[in-house]
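> pasting the sequence and the predicted model now:
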Amino acid sequence: MIRGDRWFYGVLGILGGGYLVLIVAMIAADLFYTTPKHLIESLLTEEIRFAVYLTLGSTIASAVLSTFVAIPLGYLLSRASFPGKRAVDALLDIPIVLPPIVVGLSLIILLRTVPGQWFQEHVVDILFQWPSVILAQTSVAAAFAVRAMKITYDQMSPRSEQVAMTLGCSRAQAFARVVLPEARRGIVAAFAIAWARSLGEFGPVLIISGATRNRTEVLSTTVWLELNVGKLEAAVAVSLFMVLIAFVVLIVIRLAGPAEGVGKSVRP
Amino acid sequence: MISIKGVTVRSGGFSLQNVSFEVPAGGYGVLMGRTGSGKTTLLEMLCGLRDVEEGSIWFDQRDVTRLRPADRGIGYVPQDRALFQTMTVRENLAFAPTIHGWSREEINRRVAELAEHLRITPLLGRSPAGLSGGEAQRVALGRALAARPKILLLDEPLSALDDETWGEMVELLGQVRKWTGVTTLHVTHRLHEADALGDRFFRLAGGSVTEGRVGDKAS
């Protein structure tokens, strides 16, 4: 840093620093509100343990499904030209910009249509059952994962896969042998973003899963349930646990070292 | 032999019209033209990475106009080399033979042979990320030659090299030509590069190709 630039960076630091102070102050306030003993006691109750397990299971499943969708769809949006591409691109923004409660409402209406009811009767019962948690989380998280993968592919030169094709690969072989390995950091980032987004999902989960203890309760709904019955300490304990999980995931994203821009322009 | 007969290709607002030229078997053709004249587009068309609207492309008496890049039997070195960054130098060299289903022994033998000829044996275990420009160019050349293609297409392969490395690479390309007998089309905008390497010279301007002597190229 040139000495003369210090005042400039200092001003930027002051302007942006207030927000950092707010984040640290919120977490510190939560920490001082409770004690480690109370935190452990709250997390060991049967209902909250169930919520922890369902949260971990459902968020991992949602992140896997979201990544599974994002890898091909992100590639199509980045590399292919097809009619209606802009419409598809705009469509993917809908779960991102819509209020979560609208996503939940739309899902519940979809599940009550004739095809939705047939699917539930013949394939898997969803509404107010644990699969609904995964559906609610994936419906939003996948859009973020697709955005992350598209940015990853956009930043990769198509030249490597073109060379692979001249060396004897089909398009699919070039994708599997060259593109996917080169996109691995983006895939990790897309997974982590989808996972973190699923962890924080609340509105759609509450609407199509309900908040039934030991059945469809996840940590985000636990905070809401504990607040509703006046157990502020338990709500704070669960919140701190979620902060800890989110922090670990974000560290993993940094360590995985996603391509510049991934996880910055698309943040859950 | 590379034979292009009356080819037309369009890309956005840019087009190459009725392009025809020929590089004889074992020959070293140099295609020159200014930046933006369509040299890379023409090379991509030969690789099968762009569709041809009219005309035909023949490699060694075989019409490859509608063939996939994989089926054309070519080696291609793009301007940015595009080495596979997640693979070692050895894996880059082994890539094409592996795809073509060679045995492990054949692949190892071929990699060792290429590495020796291109003087990159000490680099085999390294990642492409740490290579110098000249080293990366040798690896890209080795990768393109690994499956013994009959046609070698080079897109400005020496453009980013310093003078000393440039001289070494020119010498190496001459040796590779003698060693493999591969028919080569080399794209460049440098007159002295064309002079040092080529035996057939082509100039791309205004969307069409004309053949000439080396002294004509500056025009």
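Right, received. Where do you want to start? Computed from a predicted model, the values in this text were never measured in an experiment. Residues are numbered from 1 along each chain as shown, chains lettered A, B, ... in the order given.
> quickly list what B:S15 is bridged to.
Beta-bridge pairing for B:S15 (DSSP bridges): B:R10.
> distance of it from A:V188?
42 Å (C-beta to C-beta, to the nearest Å). Bear in mind the C-beta positions are built from the backbone N, C-alpha and C, glycine included.
> look at these two and report which has more neighbours.
Just comparing B:S15 and A:V188: by other C-beta atoms under 10 Å in any protein chain shown the higher neighbour count belongs to A:V188, 21 against 13.
> in a strand, the more buried one, correct?
No - using DSSP: H, G, I helix; E, B strand; the rest coil, the assignment for A:V188 is helix, not a strand.
> could I have the longest helix seen in chain B exported to CSV, CA atoms only?
In chain B, ranked by residue count with DSSP state H as the criterion, the top helix is helix B:163-180. Backbone C-alpha positions of helix B:163-180 (Å, rounded to 0.1, in the frame of the first residue of the first chain) are rendered in CSV as follows:
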residue,chain,number,x,y,z
ASP,B,163,13.5,-13.8,-28.4
GLU,B,164,15.7,-16.6,-27.0
THR,B,165,12.8,-19.0,-26.3
TRP,B,166,11.4,-18.1,-29.7
GLY,B,167,14.6,-19.2,-31.4
GLU,B,168,14.6,-22.5,-29.5
MET,B,169,11.0,-23.1,-30.4
VAL,B,170,11.6,-22.4,-34.1
GLU,B,171,14.4,-24.9,-34.0
LEU,B,172,12.2,-27.4,-32.2
LEU,B,173,9.3,-27.1,-34.6
GLY,B,174,11.7,-27.8,-37.5
GLN,B,175,13.0,-30.9,-35.7
VAL,B,176,9.4,-32.0,-34.9
ARG,B,177,8.6,-31.7,-38.6
LYS,B,178,11.5,-33.9,-39.6
TRP,B,179,10.7,-36.4,-36.8
THR,B,180,7.0,-36.8,-37.4
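> can you pull the buried residues of that helix?
Within helix B:163-180, the residues that count as buried by 16 or more other C-beta atoms under 10 Å in any protein chain shown are B:T165, B:W166, B:E168, B:M169, B:V170, B:L172, B:L173, B:V176, B:R177, B:T180.
> likewise for stretch B:2-16?
Neighbour-count burial for stretch B:2-16, counted by 16+ other C-beta under 10 Å, picks out B:I2, B:S3, B:I4, B:K5, B:V7, B:V9, B:R10, B:L16.
> which ones are touching the third one?
Taking C-beta atoms under 8 Å, 6 or more residues apart in numbering or on different chains as the definition of contact, the neighbours of B:I4 are B:V19, B:S20, B:F21, B:E22, B:L46, B:G55, B:S56, B:I57, B:W58, B:V209.
> these in strands, which ones?
Among the contacts of B:I4, the ones falling in strands (DSSP state E) are B:V19, B:S20, B:F21, B:E22, B:G55, B:S56, B:I57, B:W58, B:V209.
> just the buried ones from the residues you listed?
Among the ones in strands among the contacts of B:I4, those classed as buried by neighbour count (16+ other C-beta under 10 Å) are B:V19, B:F21, B:G55, B:I57, B:V209.
> that older thread, and the longest helix of chain B, anywhere near chain A?
No - using C-beta under 8 Å from any C-beta of the partner chain, helix B:163-180 stays clear of chain A, coming no nearer than 15.9 Å.
> one step back: a markdown table for the buried residues of stretch B:2-16, including pLDDT?
A markdown table is the format used below for those (pLDDT from 0 to 100):
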| residue | pLDDT |
| --- | --- |
| B:I2 | 95 |
| B:S3 | 94 |
| B:I4 | 94 |
| B:K5 | 94 |
| B:V7 | 92 |
| B:V9 | 90 |
| B:R10 | 84 |
| B:L16 | 89 |
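> for chain B, what are the nearby residues on the stretch 51-200 of chain A?
When proximity is defined as C-beta under 8 Å from any C-beta, the stretch 51-200 of chain A approaches chain B at A:157, A:159-160, A:162-170, A:173, A:177-178, A:181-182, A:184.
> check for me that B:P149 belongs to a helix.
No - B:P149: not assigned to a helix; according to three-state DSSP it is coil.
> can you pull the contacts of it?
B:P149 is in contact with B:G73, B:I74, B:G75, B:V182, counting by C-beta under 8 Å, 6+ apart.
> now these in a markdown table, with neighbour count, pLDDT and secondary structure?
Formatted as a markdown table, those follow (neighbours: other C-beta atoms under 10 Å in any protein chain shown; pLDDT from 0 to 100; DSSP: H, G, I helix; E, B strand; the rest coil):
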| residue | neighbour count | pLDDT | secondary structure |
| --- | --- | --- | --- |
| B:G73 | 17 | 95 | coil |
| B:I74 | 26 | 96 | strand |
| B:G75 | 27 | 97 | strand |
| B:V182 | 20 | 95 | coil |
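> quickly find the element holding A:V146.
helix A:130-155 (DSSP states H and E).
> buried set for that helix?
A:130-153.
> and after it, which helix or strand comes next?
Downstream of helix A:130-155, the first helix or strand assigned by DSSP H and E is helix A:159-166.
> what does that next one rub up against?
Helix A:159-166 is contacted from outside by A:169, A:171, A:173-175, A:177-179, A:182, B:44, B:47-49, B:68-70, B:72, B:74-76, B:78, B:80, B:82-85, B:95, B:143, using C-beta under 8 Å, 6+ apart.
> how about the residues of chain B near chain A?
B:44, B:47-49, B:68-70, B:72, B:74-76, B:78, B:80, B:82-87, B:95-96, B:99-100, B:143-144, B:146-147.
> how about 6 Å then?
Contact residues, chain B versus chain A (C-beta under 6 Å from any C-beta of the partner chain): B:47, B:49, B:69-70, B:74, B:76, B:78, B:80, B:82, B:84, B:86, B:95-96, B:99-100.
> residue 44 - how many residues pack around it?
I'll assume chain A. Counted with other C-beta under 10 Å, A:L44 comes out at 10.
> I was thinking of chain B, sorry if that wasn't clear
If you count neighbours by other C-beta under 10 Å, B:E44 ends up with 21.
> next: A:P158.
Count around A:P158 with other C-beta under 10 Å applied: 14.
> for it, which non-adjacent residue is spatially closest?
Spatial nearest neighbour of A:P158, chain neighbours left out: A:R79 (6.5 Å); criterion: C-beta to C-beta, 6 or more residues apart in numbering or on different chains.
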